[in-house]
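Engineer: the following comprises the amino acid sequence and a computationally predicted model.
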Amino acid sequence: MKNKGLFNAFDDVWMHAGVRTPMVDYCGALGHVSPTDLGIKVAREALARASIAAADIDSVITGNMAPGDFDQFFLPRHIGLYAGVPQEVPAIMVQRICGTGFELFRQAGEQIQSGVCEAALVVGTESMTRNPIAAFDHRTGFKLGAPVGFKDYMWEALKDPAAGINMIQTAENLARRYGITREQVDQFASDSFAKAVAAQSSGFLAGEIVPVVSEKFEQDGYQPRGIRLQGKVTEVMADTHPRVSPVDVLARLRPVFDGGVQTGGNSAALVDAAAACVVTSGAYAKAHGQQPLARVVAAAAVGVPPEIMGIGPAPAIRLLLERAGLSLSDIGRFEINEAQGAQTLSVARELGLDLSRLNVNGGAIALGHPLACTGVRLTVTLARELQRANLRYGISSACVGGGQGIALLLENPQATH
């Protein structure tokens, strides 16, 4: 019986110079910036770095999970318009929770493969700070003495009502299933921080970051938009969360649940950020003398039990490799989102993955997990790392709340081994 799940193989789909904002801690300098404006910033920069004219874009594919302002409905359209994409080009919002950024590439690949598009602009953007305090049951008014239903959208969204548990508890389930200890999770987190600090110090991460300043985005005939940084900050140039984090320091943090392995120090950081990339056909790249960053070879998405949603990357990666005719040993680098330390370690154990090939420049524990932005960030980082390390194949992947996994296979055509 054929394994269930989505699989797409792409013959001639290419990604070009991707870019992202710095990932800035929750309630930090980007806290008052709309995700739309973060998206406009990286969209403009991705086009500039790729030397691709906005007029050549045929499709705008964006992702954003939580509304960061009252005009979120218009986010995909406004990103395209204020990036200079022609008015007749359509825009869409995509949602696969933590897998949204990967889904943008999958849908771009489908559009290019089918011939309806030659060049797509993909943008994932998220403000965790601007997640609303919301109520869904007061449209008809407030009854005297009845509970007032305003709640923290971000915290409440962590709970899956089908399984009756939140995302951190799903990681605890995996820790028990795979025999993962608190000490092992803290060591993994400490290593993630150390790798991110090293990648910052070497300048590698700076190569994919566009500094953010307060600025206006003008578009003829329309109201100006823009970015206003918080406080006295005039420019944000680097990720703010990476720091040296020894195991003994992490070990002193209280677990989220009594007796559990997950803490605030070994789970993904809350940050605000956006990332963008231009994806084109090979024919477009050749005709315009482009040197792409990487080839998007294939994509896979699967479902898993909601109560162990974090294992999702394992079957997604297996499906990807099986259908692509490759083995685990063919993959030089893996970027797997570190939603929680125990979750990522469980995926590694399930696959028998060599940790020296995983998240070599740090992961979401150190850098952050801005939901819809994450998949774009991971995939751009992976493509750049394949070039730096002279490796041919890499996989970026994430688990998805509710019980899914998604993975992308990239190829570095310039690799000599």
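Structural biologist: Sure, I can see it.

Engineer: going forward, measure contacts and count neighbours with C-alpha atoms only.
Structural biologist: Noted.

Engineer: distance of the residue of the chain positioned farthest from its centre from residue 137?
Structural biologist: Distance from the C-alpha centroid of the chain peaks at residue 144, with 43.6 Å (CA atoms, centre = their mean). Plainly put, residue 144 is 14 Å away from residue 137 if you go by CA to CA, to the nearest Å.

Engineer: got the contact list for the residue nearest the centre of the chain?
Structural biologist: What sits nearest the mean C-alpha location of the chain, by CA atoms, centre = their mean, is residue 374, with 1.1 Å. Counting by CA atoms under 8 Å, 6 or more residues apart in numbering, residue 374 touches 98, 99, 100, 101, 124, 275, 337.

Engineer: the same query, at a cut-off of 6 Å, please.
Structural biologist: Going by CA atoms under 6 Å, 6 or more residues apart in numbering, residue 374 touches residue 101.

Engineer: how about it, phi and psi?
Structural biologist: Main-chain dihedrals, residue 374, degrees, to the nearest 10: phi -60, psi -50.

Engineer: not counting sequence-adjacent ones, nearest residue to residue 57?
Structural biologist: Excluding its sequence neighbours, the residue lying closest to residue 57 (CA to CA, 6 or more residues apart in numbering) is residue 119, at 5.0 Å.

Engineer: just checking, the one you found touches residue 283?
Structural biologist: No. Using CA atoms under 6 Å, residue 119 is not in contact with residue 283, being 10.2 Å away.

Engineer: of these two, which one has the most company?
Structural biologist: The residue with the greater number of neighbours, taking residue 119 and residue 283 and applying other CA atoms under 10 Å, is residue 119; the counts read 28 against 13.

Engineer: and the gap between that one and residue 402?
Structural biologist: In this structure, residue 119 and residue 402 are 32 Å apart, going by CA to CA.

Engineer: just residue 115 next, same as before
Structural biologist: According to CA to CA, residue 115 and residue 402 sit 33 Å apart.

Engineer: more neighbours, these two?
Structural biologist: Looking at residue 115 and residue 402 with other CA under 10 Å, you find the greater number of neighbours at residue 402, namely 24 against 10.

Engineer: what about the more buried one, is that helix, strand or coil?
Structural biologist: Taking DSSP: H, G, I helix; E, B strand; the rest coil as the rule, one finds residue 402 in the coil state.

Engineer: leaving out chain neighbours, which residue sits closest to it?
Structural biologist: The shortest distance from residue 402 to any non-neighbouring residue, by CA to CA, 6+ apart, is to residue 306 (4.9 Å).

Engineer: my guess is the one you found contacts residue 403. True?
Structural biologist: Yes. Applying CA under 6 Å as the test, residue 306 and residue 403 come out as touching, 4.0 Å apart.
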